[in-house]
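[1] here's a sequence, model it:
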Amino acid sequence: MKYEEILKTARNCMGPYCKACSVCNGRACRNQIPGPGAKGSGDTAIRNYQKWQEIRVNMDTLCENLPADTSLELFGKTFRYPFFAGPAGAVNLHYSEKYTDVTYNEVLVSSCADAGIAAFTGDGTNPEVMCAATEAIRKTGGLGVPTVKPWNLQTIREKFAQVHSCGAFAVAMDVDAAGLPFLKNMTPPAGRKSEQELAEIMKETNLPFIVKGVMTVRGALKAKEAGAKAIVVSNHGGRVLDQCPSTAEVLKEISDAVDGSMKILVDGGIRSGADVFKALALGADGVLICRPFVTAVYGGGSDGVRTYIDKIGSELEDTMVMCGADSLKKITREMIRF
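    Sure thing, here's the model as predicted:
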């Protein structure tokens with residue numbers, strides 16, 4: 001299956017909001033919510049993509065002619081590539097009714113595992129979403145990361161019970177989802193978490209805990225002090241705050257401050273293997289890609305997911321070879337111009 005075929009099929013079934021653009025850059029959907037757009041003017045999602053394009057890679061072929069090892073080890077698991085499918089929720093609302101969150105995660109989780117990577121799964125007010133996501137992860141032997149919303153503590157405990165039963169190798173919480181209206185309107189309210197509250201939540205699990213939604217050095221250090229094993233530098237794809245800096249703009253300073261003391265993942269506008277390379281050069285250990293995986297599922301199901309993974313993976317490998325890096329650890333800032 002070719003990627004162009006995936007896009008063509010997706011355009012015929014994704015509803016009125018997502019255009020399944022050749023490059024998902026936030027412009028066509030801009031501020032469409034419901035839909036895959038961003039909040040307010042839509043500026044943050046557009047900026048996420050654009051800032052990665054402003055970073056260039058430095059070609060250097062005066063080096064040993066060795067094959068590129070693209071594998072990543074994370075929390076005791078070895079993955080074929082250093083990128084993961086990001087969590088998506090309410091796909092039937094934001095894209096089309098061809099899939100529900102349940103059927104979407106069933107396809108995504110198994111397809112990613114088969115292709116040698118892992119998927120982060122979403123969460124929602126419907127308990128069946130987490131039930132189905134964790135069941136899909138269980139079937140892969142735990143190759144997935146359930147992403148729990150910042151609910152109240154009792155609800156989190158209930159969600160964690162499902163997470164623990166599926167054998168997942170890590171668990172995440174997208175604290176940036178605090179900007180979503182359905183969390184604000186809950187009783188008791190859910191949303192923002194203090195450092196102390198986050199530490200109490202982490203006591204409820206022995207799994208490596210990933211805090212998604214960090215955009216400042218201060219936030220990264222608070223997550224570290226609370227006990228997080230990893231963070232995701234993320235602004236929720238621009239969907240929770242307008243006029244936010246891009247993830248590419250803040251990644252370097254966060255990486256320098258963390259200084260290897262916990263793992264760093266990043267998302268937001270990463271659309272090619274070259275973009276993955278740039279993120280690693282700026283200090284990330286790996287990346288998450290979300291919206292294009294939705295397009296891959298809608299446009300090709302399992303075959304679409306595998307095709308997309310192979311596309312990004314081959315682009316990453318080619319960039320590594322042409323820039324003189326034969327392993328992820330050898331990707332350095334000298335290999336990019338920013």
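
[2] going forward, measure contacts between C-alpha atoms and count neighbours the same way
    Fine.

[3] which stretches of the chain have low pLDDT?
    Counting by pLDDT under 70, the chain has low-confidence residues at 187-189.

[4] for it, which helix is longest?
    Counting residues, the longest helix found in the chain (DSSP state H) is helix 291-323.

[5] what helices or strands is it leaning on?
    Using 3 or more Cα pairs under 8 Å, 6 or more residues apart in numbering; DSSP states H and E, the elements in contact with helix 291-323 are helix 3-11, helix 101-114, helix 273-281.

[6] tell me which of those helices sits nearest to Met202.
    With Cα to Cα as the criterion, Met202 lies closest to helix 101-114 of the helices and strands packed on helix 291-323, at 24.3 Å.

[7] tell me, how many residues neighbour Thr125?
    When counting by other Cα atoms under 10 Å, one arrives at 13 neighbours for Thr125.

[8] who are the contact partners of it?
    Listed by Cα atoms under 8 Å, 6 or more residues apart in numbering, the contact set of Thr125 is empty.

[9] so what does it have for phi and psi?
    Backbone geometry at Thr125, expressed as degrees, to the nearest 10, gives phi -70, psi -20.

[10] and Val23, how many residues sit next to it?
    With other Cα under 10 Å as criterion, Val23 counts 12.

[11] from Asp256, how far out is it?
    Distance of Val23 to Asp256, computed by Cα to Cα, to the nearest Å: 30 Å.

[12] equivalent analysis for Arg80, please.
    26 Å.

[13] higher neighbour count, those two?
    Using other Cα under 10 Å as the criterion, Arg80 and Asp256 rank with Arg80 on top: 17 against 12.

[14] the more buried one reaches Ala68, doesn't it?
    No. Checked against Cα atoms under 8 Å, the pair Arg80 and Ala68 is beyond contact range at 11.6 Å.

[15] what ranges does the chain have for its strands?
    All strands of the chain, identified by DSSP state E, fall at 56-57, 72-74, 77-79, 83-85, 119-121, 144-148, 171-174, 209-214, 230-233, 263-266, 286-289, 336-337.

[16] possible to save those strands as JSON lines with distance to Asn31?
    Shown next, in JSON lines, are these (distance: least, Cα to Cα, whole Å):
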{"stretch": "strand 56-57", "distance to Asn31": "28"}
{"stretch": "strand 72-74", "distance to Asn31": "35"}
{"stretch": "strand 77-79", "distance to Asn31": "34"}
{"stretch": "strand 83-85", "distance to Asn31": "23"}
{"stretch": "strand 119-121", "distance to Asn31": "24"}
{"stretch": "strand 144-148", "distance to Asn31": "24"}
{"stretch": "strand 171-174", "distance to Asn31": "21"}
{"stretch": "strand 209-214", "distance to Asn31": "20"}
{"stretch": "strand 230-233", "distance to Asn31": "22"}
{"stretch": "strand 263-266", "distance to Asn31": "22"}
{"stretch": "strand 286-289", "distance to Asn31": "19"}
{"stretch": "strand 336-337", "distance to Asn31": "31"}
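
[17] what residues does stretch 59-77 touch?
    By Cα under 8 Å, 6+ apart, the residues outside stretch 59-77 that reach it are 78-82, 169-170, 208, 286, 313, 316-317, 320-328, 335.

[18] can you rerun that using 7 Å?
    Identification of contacts with stretch 59-77 by Cα atoms under 7 Å, 6 or more residues apart in numbering yields 78-82, 317, 320-328.

[19] if you count neighbours, what's buried in stretch 176-191?
    Going by neighbour count (16 or more other Cα atoms under 10 Å), the buried part of stretch 176-191 is Asp176, Ala177, Ala178, Gly179, Leu183, Lys184, Ala190, Gly191.

[20] can I get those residues in JSON lines with distance to Cys13?
    Shown next, in JSON lines, are these (distance: Cα to Cα, whole Å):
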{"residue": "Asp176", "distance to Cys13": "29"}
{"residue": "Ala177", "distance to Cys13": "27"}
{"residue": "Ala178", "distance to Cys13": "30"}
{"residue": "Gly179", "distance to Cys13": "29"}
{"residue": "Leu183", "distance to Cys13": "29"}
{"residue": "Lys184", "distance to Cys13": "31"}
{"residue": "Ala190", "distance to Cys13": "34"}
{"residue": "Gly191", "distance to Cys13": "33"}
